[in-house]
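A.B. asks: What follows is a protein structure lacking sequence information:
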């Protein structure tokens, strides 16, 4: 397609997925500097793309809330039709994303050959489940299909001034100064196959606390507070579990000397901000392993062990997630020492 005037990028899955999609925005802007570019995402991921200088608009689709019904989705698609987009890029294949692009009347709809892909005009063979490369590269493959140069792979994370001021105030009230080495711990993830045991996080935090000028803060989403509060029972650990939304989470990580987490979305925030990050991985199933989901960037590290499973069942593991159990706090601590 030659010089589309209005472009819609669609990504309606999770936080890390949206973060790893931000290089798509920048590369499209480079190719089409005069085009109007919009990004469609869920409410809780909007904070990742709001403020992106390469976007003209962020459109929020609440597929688990006010747009949950088919009728509401159809009405939403018809509202998109009024915007008269020329090109849609569906970065992650879902039935709803394909329905939206189709009923929005977008003439060129590019995506992956999965789910209701017959609603697309252009389809790439879906092989993400084979995990042969990083998710960021899969995202850029859609641009390569359109003969758009996709060399810039830098993630963009906006740090909002008001969010930074709020976080700085909270840290000041907790006695944290610019001289302190702040380590932020995120001891949770969306799936049991991603969660390093709480007992190991607790041992790690106790080891880190012995270092000079080290201050430790624990964060989680509101829905996963129980994981953070267990770790935050350690004396001197600052409990920020469930306190911050995405903009404030970004601002907190921006203040950190080091970020340590399970395999989760905030890992990619830290990587995008150029912060040293340690991500603890368990599963090795093709498409779910670090090869596809590890944090990017020169300061990004991950720990992952092959425990000899012939087949990884991920969240259906029958062996008590021994891959996660095999990673010891001392290993994380040793790496953390080098990064702080």
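C.D. replies: Now that the structure is in, tell me what you want to look at. None of these values were measured; they are calculated from a predicted model. Residues are numbered from 1 along each chain as shown.
A.B. asks: distance between the ends of stretch 79-97?
C.D. replies: Start-to-end span of stretch 79-97 (CA to CA, to the nearest Å) is 14 Å.
A.B. asks: if I read this right, residue 109 contacts residue 116, doesn't it?
C.D. replies: No - using CB atoms under 8 Å, residue 109 is not in contact with residue 116, being 11.1 Å away. Where C-beta positions appear, they are placed from N, C-alpha and C, glycine not excepted.
A.B. asks: so what sits against both of these two?
C.D. replies: The contact sets of residue 109 and residue 116 overlap at residue 98 (CB atoms under 8 Å, 6 or more residues apart in numbering).
A.B. asks: between these two, which one's more packed in?
C.D. replies: More neighbours surround residue 109 than the other of residue 109 and residue 116, with 25 against 15 (other CB atoms under 10 Å).
A.B. asks: Look at that one and tell me its secondary structure.
C.D. replies: Secondary structure, DSSP: H, G, I helix; E, B strand; the rest coil: residue 109 is strand.
A.B. asks: so who does it touch?
C.D. replies: Neighbouring residues of residue 109 by CB under 8 Å, 6+ apart: 87-88, 90, 98, 101-102, 119-122.
A.B. asks: go on, residue 100?
C.D. replies: With contacts defined as CB under 8 Å, 6+ apart, residue 100 is in contact with 10, 40, 61, 73, 76-77, 80.
A.B. asks: Now flag whichever of those is closest to residue 311.
C.D. replies: Distance to residue 311 across the contacts of residue 100 (CB to CB) is lowest for residue 10, with 33.0 Å.
A.B. asks: Tell me the confidence at the closest one?
C.D. replies: If you check residue 10, the pLDDT there is 98.
A.B. asks: and it, how many neighbours?
C.D. replies: 27.
A.B. asks: now the helices: where do they sit in the chain?
C.D. replies: Here the chain has its helices, by DSSP state H, at 15-19, 22-31, 46-49, 70-81, 95-103, 135-145, 161-173, 198-208, 225-231, 246-255, 265-272, 290-293, 322-325, 329-339.
A.B. asks: most packed of those?
C.D. replies: Highest mean neighbour count among the helices of the chain (mean count of other CB atoms under 10 Å): helix 265-272, with a mean of 27.
A.B. asks: Could I get the average pLDDT for it?
C.D. replies: 97.
A.B. asks: same check, this time on stretch 161-170
C.D. replies: Stretch 161-170 comes out at a mean pLDDT of 97.
A.B. asks: From the contacts of residue 109, which land in strands?
C.D. replies: 87-88, 90, 122 (DSSP state E).
A.B. asks: Closest to residue 316 out of the residues you listed?
C.D. replies: residue 90 (28.1 Å).
A.B. asks: Leaving out chain neighbours, which residue sits closest to the closest one?
C.D. replies: residue 111 (3.4 Å; CB to CB, 6 or more residues apart in numbering).
A.B. asks: picking up where we left off before, from the contacts of residue 109, list the buried ones, please.
C.D. replies: Among the contacts of residue 109, the ones that count as buried by 16 or more other CB atoms under 10 Å are 87-88, 90, 98, 101-102, 119-120, 122.
A.B. asks: I'd like these as a markdown table, with distance to residue 295 and pLDDT appended.
C.D. replies: Listed next are those as a markdown table, based on distance: CB to CB, whole Å; pLDDT from 0 to 100:
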| residue | distance to residue 295 | pLDDT |
| --- | --- | --- |
| 87 | 30 | 98 |
| 88 | 29 | 98 |
| 90 | 25 | 98 |
| 98 | 29 | 98 |
| 101 | 30 | 98 |
| 102 | 34 | 98 |
| 119 | 33 | 98 |
| 120 | 30 | 98 |
| 122 | 31 | 98 |
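A.B. asks: For this structure, which residues score under the pLDDT cut-off?
C.D. replies: Applying pLDDT under 70 to the chain flags the ranges 1.
A.B. asks: In contact with the closest residue to residue 188 other than its chain neighbours, which residues?
C.D. replies: Nearest in space to residue 188, with sequence neighbours left out and distances taken as CB to CB, 6+ apart, is residue 227 at 3.8 Å. Residues in contact with residue 227 (CB under 8 Å, 6+ apart) are 187-188, 195, 198, 220, 241.
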